[in-house]
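Below are the sequence and a predicted model for it; my questions follow.
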Amino acid sequence: MTEQTATEQPAADTGSIDALLDAALIHVAFDGWTEATFAAAVEDCGMDPVLARALCPRGAVDLALAYHRRGDAQMLERLKTADLTGLRFRDKIAAAVRFRLEASDDKEAVRRGVTLFSLPVYAADGAKAIWGTVDAIWTALGDTSEDINWYSKRATLSGVYSSTVLFWLGDDSPGHQATWDFLDRRIDNVMQFEKLKADVQKNPLLKPLLAGPSWLADQIRRPSTPTDLPGRRTGR
């Protein structure tokens with residue numbers, strides 16, 4: 001298994017993908033992330049259909065994923081410039097999720113994306129996109145986990161992020177304040193669970209029962225990046 005973040009781009013011309021995506025967003029509100037949208041975007045930006053298909057073999061599905069990656073990249077840029085000094089770590093996480101949602105300036109495009117990736121055939125793509133987002137957040141905030149916590153942190157935040165997105169899509173409160181309150185409550189729930197988990201692990205009466213599962217968990221390591229790929233320097 002190799003480590004991958006949501007900001008990774010295909011080897012194709014990303015500038016052309018951006019042009020195609022910009023053209024597609026005009027049509028997404030009416031036609032969704034569909035073949036009709038993809039065809040209209042190709043025509044609107046005057047791109048060679050063969051090149052467009054090479055950039056996005058699955059058409060609008062790949063454009064929807066490109067839109068998601070664009071939001072991740074904008075979130076990371078904002079995190080680089082934001083002053084998070086003095087914030088508790090849970091507040092840094094909340095800020096990162098908020099930055100990610102605020103990077104999605106087209107709510108209807110997100111809504112249509114949720115619909116697309118709820119289809120069984122594309123559900124794995126949607127899950128991978130969300131995992132990439134939360135991995136980008138944890139990495140940007142300096143997560144150094146090497147064990148099972150690497151997975152549990154991302155799995156937990158995936159649930160928080162997904163539920164917050166769904167709440168945000170239906171939120172019409174001023175400045176989306178209801179969404180940020182909802183996000184804070186979800187993170188509080190996670191912190192309460194983590195506290196309960198820590199208390200259970202410290203309980204001397206339960207330690208014998210947890211010995212086996214704890215040993216198994218200790219064997220799980222975060223995914224590593226191969227060092228023997230072509231073009232990668234493996235030593236000096």
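Yes, it's here. Numbers count the residues shown, from 1 in each chain.

From here on, just use CA atoms for contacts and neighbour counts.
Noted.

can you map out the strands along this structure?
Counting by DSSP state E, the chain forms no strands at all.

Below-threshold pLDDT in the chain: ranges please.
For the chain, the stretches flagged by pLDDT under 70 are 1-15, 193-222, 224-236.

Quick one: residues contacting the closest residue to Leu25 other than its chain neighbours.
Leaving out its chain neighbours, the residue that sits closest to Leu25 by C-alpha to C-alpha, 6 or more residues apart in numbering is Ala109, at 7.1 Å. Counting by C-alpha atoms under 8 Å, 6 or more residues apart in numbering, Ala109 touches 25, 28-29, 32.

now the closest residue to Ile137 other than its chain neighbours: how far from Ala23?
Take Ile137 and drop its neighbours on the chain: the residue closest to it by C-alpha to C-alpha, 6+ apart is Ala96, 6.5 Å away. Using C-alpha to C-alpha, to the nearest Å, Ala96 is found at 28 Å from Ala23.

same thing with Thr85?
According to C-alpha to C-alpha, Thr85 and Ala23 sit 39 Å apart.

can you check Val134 too?
Per C-alpha to C-alpha, Val134 is found 28 Å from Ala23.

could you pull out the helices for this structure?
Taking DSSP state H as the criterion, the chain contains helices spanning 14-31, 35-44, 49-55, 60-81, 89-103, 107-117, 123-140, 148-169, 177-202, 207-218.

picking that back up, my guess is the residue nearest to Ile137 meets Asp135, correct?
No - in this structure Ala96 lies outside contact range of Asp135 using C-alpha atoms under 8 Å: 11.5 Å.

wait, Arg112 sits on Gly32?
Yes - Arg112 lies in contact with Gly32 (C-alpha under 8 Å); the separation is 5.5 Å.

which of the two has more neighbours?
Gly32 (23 against 19; other C-alpha atoms under 10 Å).

Which one of Val134 and Ala23 is surrounded by more residues?
More crowded of Val134 and Ala23, by other C-alpha under 10 Å: Val134, with 27 against 20.

dump the residue contacts of that one.
Listed by C-alpha under 8 Å, 6+ apart, the contact set of Val134 reads 154, 157-158, 161.

Just the closest of the residues you listed to Val190, please.
Leu157 (8.8 Å; C-alpha to C-alpha).

re the thing from before, of the contacts of Ala109 - the most surrounded one?
Ranking the contacts of Ala109 using other C-alpha under 10 Å puts Val28 first, with 25 neighbours.

Please determine how far that one is located from Glu108.
For Val28, the distance to Glu108 - C-alpha to C-alpha - is 8 Å.

Over to Lys128?
21 Å.

Of all residues in this protein, which one is nearest the centre?
Thr133 (1.8 Å; C-alpha atoms, centre = their mean).

wait, that one sits on Gly71?
No - when contacts are counted by C-alpha under 8 Å, Thr133 is not listed as touching Gly71 (9.0 Å).

Apart from its chain neighbours, what residue comes closest to Ile130?
In space, Ile130 is closest to Ser158, 6.4 Å off (C-alpha to C-alpha, 6+ apart).

what sits against that neighbour?
Residues in contact with Ser158 (C-alpha under 8 Å, 6+ apart) are 130-131, 134.

How about Leu116?
33, 122.

I'd like the distance between it and Trp33.
In this view, Leu116 and Trp33 are 7 Å apart by C-alpha to C-alpha.

do the same with Gly46
19 Å.

Among the two, which residue is more densely surrounded?
More crowded of Gly46 and Trp33, by other C-alpha under 10 Å: Trp33, with 25 against 13.
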